[in-house]
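> pasting the structure only:
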């Protein structure tokens, strides 16, 4: 194998290579500010549930496990909505590309038909009329 690195989709994105860990963390916090809250709430609920298990308080343990589930469900609901939006945008983009490709194909066929009909009769259709 050669010593060259494999091509990547990030080659044109210089920010990907120049971004350090701290700036990436701050960028991600700006993009999705509720994730740290969900992580903190989940950790808090697990911590409180483990303490209540030691003390034998089953009701509080169950309540904390429910809080953990609700915190994670909220995050995943937000994530699914974002994924649906992205999927919808990708689908719209693909549909536009498909339509443009179809239009180009029709234009090429139309040009070919005009060239064939012009060559077949030794002139254009306008000359025949």
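Alright, I've got the coordinates. Predicted, not measured: the structure shown is a model, and the values here were computed from it.
> which parts of stretch 37-53 are buried?
Along stretch 37-53, the positions that meet the burial threshold by neighbour count (16 or more other C-beta atoms under 10 Å) are 38, 41-42, 45, 48-49, 52. Every residue, glycine included, has its C-beta placed from N, CA and C.
> quick check, nearest of those to residue 68?
Ranked by distance to residue 68 (C-beta to C-beta), these are led by residue 45 at 3.9 Å.
> Residues touching the helix or strand harbouring that closest one, excluding its own?
In this assignment (DSSP states H and E), residue 45 forms part of helix 34-55. When contacts are defined by C-beta atoms under 8 Å, 6 or more residues apart in numbering, helix 34-55 is touched by residues 28-29, 58, 60-61, 64-65, 67-68, 71-72, 74-75, 78.
> Drop anything exposed from those residues.
61, 64-65, 67-68, 71, 75.
> out of these, which are inside helices?
Among the buried ones among the contacts of helix 34-55, the members falling in helices (DSSP state H) are 61, 64-65, 67-68, 71, 75.
> which other helices and strands contact the helix or strand hosting residue 87?
Residue 87 belongs to helix 58-120 when elements are defined using DSSP H and E. For helix 58-120, the elements it packs on are helix 34-55, judged by 3 or more C-beta pairs under 8 Å, 6 or more residues apart in numbering; DSSP states H and E.
> Out of the buried residues of stretch 37-53, which comes closest to residue 85?
residue 38 (19.1 Å).
> quick one: low-confidence parts of this structure?
1-17, 119-129 (pLDDT under 70).
> center of it - which residue?
For the chain, residue 86 is the residue whose C-alpha lies nearest the centre (C-alpha atoms, centre = their mean; 4.8 Å).
> distance of that residue from residue 79?
11 Å (C-beta to C-beta, to the nearest Å).
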